[in-house]
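Asker: Here is my input, please return the structure:
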Amino acid sequence: MTRRWNCVERPLSRVFYRHGAFLARHPFFFFLVPLLLAIVLSTGMNHFTQVYDIEYLFTPENGRGKLERTTVEHLFPTNTTKNFNAHRLNREGRYSRLIITAKDDGDVLREDILRQVLEIDKTVNNISVDGYKFIDICGRWEDACAVTNPFLVALNYNASNIRGVSLSYPTYDMPIRVPIPNTPYLRTVFLPLFLGGSLGGADVDEEKKLQESKAIQLVYYLDETGNGSLADEWEQAFMHEFEELVTSDKFSDVNVAYFTSQTLQTELAKNREMVIPLFTITIAILVLFSVLSCLMSDWVRSKPWLGVLGVVTAALAIISSFGLLLHIGVEYNDIVAVTPFLILGIGVDNMFVMLASWRETDPRDSVEKRMAGTFSDAGVSITITAITDVVSFVVGSITFYPSVRIFCLYAGIGVDNMFVMLASWRETDPRDSVEKRMAGTFSDAGVSITITAITDVVSFVVGSITFYPSVRIFCLYAGVALVFHYCYQITFFGACMAWIGRREKANRHCITLCKVIPEADADHKSKAYRIFCAGGTPESVEIKKKKELNKHHIMIFFRDCAGPFLSKRPVKFVVIGIYLAYLAVALFGCTRVREGIELRNMPADDSYAVTFYELETEYFKKFGPKVAVVFDQKLNYLNSSDQELIQGVLEEFENDTDFFYKQEFECWLTDFLLFANESNIELTESNFIPTLENAFLKMPGKEKYKSDIVYNENRTEIIASRCFVQSTNTNDTVREKDMMMHSRAIADNSELNVTVYHPAFVYYDQYVTILPNMLQNVGIAWGSMMLVALFLIPDPVCSMWVALSVASIEVGVIGYMTLWGVNLDYMSMIYVIICIGFSVDFSAHIAYAYVTAKGKAKKRIRKALYVLGLPILQGALSTILGVLVLSQSSAYMFRTFFKIIFMVILFGAFHGLVIIPVVLSLCMRGKPKKPESTTYKQHDCTEEQWSELLERQKQNGGAGDITLTNLPPPSQPFLTRKSSTCPGDLNMAFNNNSIRSANQPQSKKLFVGGAGACVQVDWDEESGYSTSTLGSSGTDQ
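Answerer: Residues are numbered from 1 along each chain as shown. As a prediction, the model looks like this:
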């Protein structure tokens, strides 16, 4: 096939060829500079700064909830020192919470249970920090602690009162005696106490009288307006107290679950500590795997230390990226803790591609030539994957989620180049000089690893532009890391490769470094020496096929078994059928995507927070958030038409299934009009506000409305006000999202200027924004990756199939992760974005090898799988091994990471090793181009010269003419022969001291003789040309 789309690939391949040769001559420089740079950058660890703010990290920066909060905070500022009310908080606040259940799972309204509940409440009130108890730092309404436990108030803090009180549910009107103004008398009024948040799992009769309850919730809010550090210390003391209490037998009849506003932060910090021992295990597993993967049956050509150095290369990149970003003040969050697993897992992949390219070089060449060839071949491929990976992380780093942005900054280092380079090295001739082998390795692998490096980086760059700070931070780290790893791969690792290539050239043992003799020359040695010591390539031996110098059994399997198997037409149809089934299931999963993270999934499974969340979901989700309905405009509240508009908005909420009936709403206007009617007060423009302030707002239970009304400067007009509506059954993320969206729809469709808000809306916004934000970032990353592939893969059709392969993998990951129980949240969003970068790796490697191979489809499949099947398999296994230990983690974020990376690698390898070869063989079958005549000028024609000559012809597709000139006169005429072993006419002619043979592919054997030499040239459709010496000229010619 004629290559016309190589304006970037061909020059890049040449650059890598020269780089590989230069690196082979000067390895010490390329070894020392990256090492010193990593040491210098590692000092950035001294500036380690971790972000714990859950809202900042895991909510979208441009979320509507934050805009609504700005409006509400401007109109209704909260002062927890003077006017605290839990339902009217504009932010979550500082709090500690308890959920108490009976150990026998029975009713908690029994007197003996209630005594222990009151004892627990007393314990909380006695917790002291620096002499300050809860009563000293509680959220206050005027001069007393605000009521946050209405059920205990209903009991008057006396367990025995449960026998004489008839509680209505969810609202209990508690009778209290208050003085009549200007008289010595008292009157009875009813103080409404909302018990829905205090009693869970309640059972009521037809008259809504409480019969039993399964759980009691106690809440303790702290004053955060004053000394915030004191509140922090008190919460810490609270957690310490109940950590001991829940494991003791102090309260024999009840179970206690506790939670504070700091719980998620502290539990996320524990997640980071949890992964440290797992990281050690991962390093050990990967080092062992890399060493075993670099071993061969030959002790000289084996490279176990290169496997270790591949892991070291990834480690240096991790240190450098973390150090650099910490130096410049980039934040760190706990999601970034998975970055080392990711980098170590994928960081050795391209080592195997480089090794595959090395094996493609002639072992008889110099190290310089082999390095040049390796980098020329593998360099472009790993560059493509590097670019796409980095773009993925950069896109992630511009997300609105800081935690993802931080990750994408840190993690962008792991490029799978080591295996690519090793594969290229294996393709070189071990008898060549190190310089020649390095040139060949880099020429072969440089383009390949460049492709993968660019695509990896692109994916992280794209991820870094999201609205989620957590995503952005993750992707920024990842993108920078990818760049470091790519640079270290073609410098530090290349230098190590050159040194090990010199050892191989000197025929030294891979472990002892002692000089040994080749196995073919070790017949006089002991059996133990031949098994454990002998190895290398003898310089004198004549080799029938160059690839036999670097034979690897798995590479041969891909060439001689997998390649021909996939080339069969029935197999192709089966593969297409399997793919369609895979795609159908993936699309089904995509229709079942669940958006948003459940807070219970943030701490580890064994965390006390999980117990609390489970109890809260089971017992306290019937009553959801009380949503503020803000009327942000001047209204004539005395005018009946304006009153009807306000009541109309409230009726919209009442008619919505996500909200309770109107009796559970809190609206100052509704209650004020009712008060005026019951008191026979005729409201006018002159007495409306005085009656409101001096009579209504001073009534017991109505003081709370003071913070719901905003006056003008001289308090003659109401310029804004708010009411509260009670949501219901928000027991999962879908209901939470629907409730918020319905609230906003009612507000948006109203004739009035209405804003709806609850502090939880800031978190619920992720349910609305995460899918479009992910689609945007995935689209950018995919488009960027396709541009990279178009420029660096020398065929536009091939680039298109690589892009479609990536899209197919993306669909598969999203669909199958849903079926595996993973929600589309900020964490899975990170991994889906980076999926772009990593999923392109395998497809790009195979596609690049296929399009640059010669011959028809069958031959190109065999060539691509032979060169890259092994490194792709090794890279897939190394990445999975790198994250395997996380599958057993008790933290949801780490298990999710494992699941998605596992699917990315599994689907990526499936596409790279099976789908792409089959599709390309169907769409790009290849046609042998008409080669030009090849002229070999030499005084004599030896076997080696014939071999090189015919190798050139093989690269031209095996057809055309061969012309040899300047030969001495032959000792006898050349003859033609026709037999069963030599089908077809062999047309030989002797003209002007030259030999010309035509129709080479049609002949099985060609005997060429002259000047006392005889060379047998064998032709095989599977293996191509090979030569062997028969001896002097004879009758067989």
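Asker: For the rest of this, base every contact and every neighbour count on C-alpha atoms.
Answerer: Noted.
Asker: Look at the spatially closest residue to residue 652 that is not a sequence neighbour and say how many residues are nearby.
Answerer: Among residues not flanking residue 652 along the chain, residue 746 sits closest, at 6.9 Å (Cα to Cα, 6 or more residues apart in numbering). Neighbour count of residue 746, defined by other Cα atoms under 10 Å: 17.
Asker: Repeat that for residue 50.
Answerer: Using other Cα under 10 Å, residue 50 is surrounded by 12 other residues.
Asker: Who are the packing partners of the one helix or strand residue 476 maps to?
Answerer: When elements are assigned from DSSP states H and E, residue 476 belongs to helix 469-489. Packing contacts for helix 469-489, counted by 3 or more Cα pairs under 8 Å, 6 or more residues apart in numbering; DSSP states H and E, involve helix 54-58, helix 304-327, helix 367-397, helix 402-411, helix 458-461, helix 826-852.
Asker: Any buried residues in it, and which?
Answerer: Neighbour counts over helix 469-489 (16 or more other Cα atoms under 10 Å) mark 469-489 as buried.
Asker: Lowest average confidence across helices and strands of this structure, where is it?
Answerer: In the chain, the helix or strand scored least confidently by mean pLDDT, DSSP states H and E is strand 988-991, which has a mean of 35.
Asker: just to revisit the earlier point, rank the helices and strands packed on helix 469-489 by pLDDT, which is bottom?
Answerer: When the helices and strands packed on helix 469-489 are ranked by mean pLDDT, helix 402-411 comes last with a mean of 46.
Asker: Could you pull up the contacting residues of residue 255?
Answerer: By Cα atoms under 8 Å, 6 or more residues apart in numbering, the contact set of residue 255 is 100-103, 246.
Asker: pLDDT below threshold where in the stretch 351-500 of the chain?
Answerer: 351, 353, 377-468 (pLDDT under 70).
Asker: Please repeat the previous calculation with a cut-off of 90.
Answerer: Along the stretch 351-500 of the chain, the parts satisfying pLDDT under 90 run over 351-487, 489-490, 493-494, 497-498, 500.
Asker: now the stretch 851-1000 of the chain
Answerer: 851-898, 900-901, 904-905, 912, 916, 919-1000.
Asker: to the chain's geometric centre, what's the distance from the helix or strand hosting residue 585?
Answerer: Assigned by DSSP H and E, residue 585 falls within helix 569-590. Offset of helix 569-590 from its chain centre (Cα atoms, centre = their mean, to the nearest Å): 25 Å.
Asker: Quick check: which helices or strands does that helix pack against?
Answerer: Applying 3+ Cα pairs under 8 Å, 6+ apart, we find helix 569-590 packed against helix 796-819.
Asker: what inclination does the helix it packs on have with respect to helix 569-590?
Answerer: Between helix 796-819 and helix 569-590, the angle comes out at 50 degrees (axes from the mean of the first three to the mean of the last three Cα atoms, to 10 degrees).
Asker: And helix 796-819, what's buried?
Answerer: 796, 798-819.
Asker: same deal with stretch 19-31?
Answerer: 19-25, 27-28, 30-31.
Asker: Export those to TSV and append columns for secondary structure.
Answerer: Formatted as TSV, the buried residues of stretch 19-31 follow (DSSP: H, G, I helix; E, B strand; the rest coil):
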residue	secondary structure
19	helix
20	helix
21	helix
22	helix
23	helix
24	helix
25	helix
27	helix
28	helix
30	helix
31	helix
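Asker: I'd like those laid out as CSV, including distance to residue 734.
Answerer: Listed next are the buried residues of stretch 19-31 as CSV, based on distance: Cα to Cα, whole Å:
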residue, distance to residue 734
19, 56
20, 56
21, 60
22, 60
23, 57
24, 60
25, 63
27, 58
28, 59
30, 55
31, 54
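Asker: same for whatever helix or strand residue 188 lives in, what does it pack against?
Answerer: Assigned by DSSP H and E, residue 188 belongs to strand 186-194. Applying 3+ Cα pairs under 8 Å, 6+ apart, we find strand 186-194 packed against helix 150-154, strand 171-179.
Asker: residues contacting the most centrally placed residue in the chain?
Answerer: By Cα atoms, centre = their mean, the mean C-alpha position of the chain lies nearest to residue 831, the distance being 2.1 Å. Neighbouring residues of residue 831 by Cα under 8 Å, 6+ apart: 897, 900-901.
Asker: Please type out the ChimeraX selection for whichever of those residues turn out to be buried.
Answerer: To isolate the buried members of the contacts of residue 831 in ChimeraX, using 16+ other Cα under 10 Å:
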select :897,900,901
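Asker: ok so, going back, how about the strand holding residue 188: buried residues?
Answerer: In strand 186-194, residues buried by neighbour count (16+ other Cα under 10 Å) are 191-194.
Asker: hmm, back to that, now, of the helices and strands packed on strand 186-194, which is deepest in the fold?
Answerer: Sort these by mean neighbour count, taking mean count of other Cα atoms under 10 Å, and helix 150-154 sits at the top with a mean of 20.
Asker: Which strands and helices lie in contact with that helix?
Answerer: strand 186-194.
Asker: how far out from the middle of the chain is the strand it packs on?
Answerer: So, by Cα atoms, centre = their mean, the centroid of strand 186-194 is 56 Å from its chain's centroid.
Asker: swap in stretch 222-231?
Answerer: Per Cα atoms, centre = their mean, the centroid offset for stretch 222-231 relative to its chain is 38 Å.
Asker: try stretch 132-142
Answerer: 44 Å.
Asker: re earlier: note down every partner strand of the helix or strand following the strand holding residue 188 and its orientation.
Answerer: Using DSSP H and E, the helix or strand that follows strand 186-194 in sequence is strand 199-200. When sheet partners are counted by DSSP bridges, strand 199-200 sits next to strand 215-222 (antiparallel).
Asker: which of the residues in stretch 622-638 are buried?
Answerer: 622-632, 635, 637.
Asker: Using JSON lines, lay out these together with pLDDT and secondary structure.
Answerer: Converted to JSON lines, the buried residues of stretch 622-638 look like this (pLDDT from 0 to 100; DSSP: H, G, I helix; E, B strand; the rest coil):
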{"residue": "622", "pLDDT": "88", "secondary structure": "coil"}
{"residue": "623", "pLDDT": "89", "secondary structure": "strand"}
{"residue": "624", "pLDDT": "89", "secondary structure": "strand"}
{"residue": "625", "pLDDT": "91", "secondary structure": "strand"}
{"residue": "626", "pLDDT": "93", "secondary structure": "strand"}
{"residue": "627", "pLDDT": "95", "secondary structure": "strand"}
{"residue": "628", "pLDDT": "95", "secondary structure": "strand"}
{"residue": "629", "pLDDT": "96", "secondary structure": "strand"}
{"residue": "630", "pLDDT": "96", "secondary structure": "strand"}
{"residue": "631", "pLDDT": "96", "secondary structure": "strand"}
{"residue": "632", "pLDDT": "93", "secondary structure": "coil"}
{"residue": "635", "pLDDT": "93", "secondary structure": "coil"}
{"residue": "637", "pLDDT": "93", "secondary structure": "coil"}
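Asker: could those be laid out in a markdown table, adding distance to residue 183?
Answerer: As requested, the buried residues of stretch 622-638 are exported to a markdown table (distance: Cα to Cα, whole Å):
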| residue | distance to residue 183 |
| --- | --- |
| 622 | 44 |
| 623 | 41 |
| 624 | 42 |
| 625 | 41 |
| 626 | 38 |
| 627 | 40 |
| 628 | 38 |
| 629 | 39 |
| 630 | 39 |
| 631 | 39 |
| 632 | 40 |
| 635 | 37 |
| 637 | 33 |
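Asker: Nearest to residue 650 among those?
Answerer: Checking the buried residues of stretch 622-638 against residue 650 by Cα to Cα gives residue 629 as the nearest, at 8.5 Å.
Asker: what's the distance between the closest one and residue 752?
Answerer: 11 Å (Cα to Cα, to the nearest Å).
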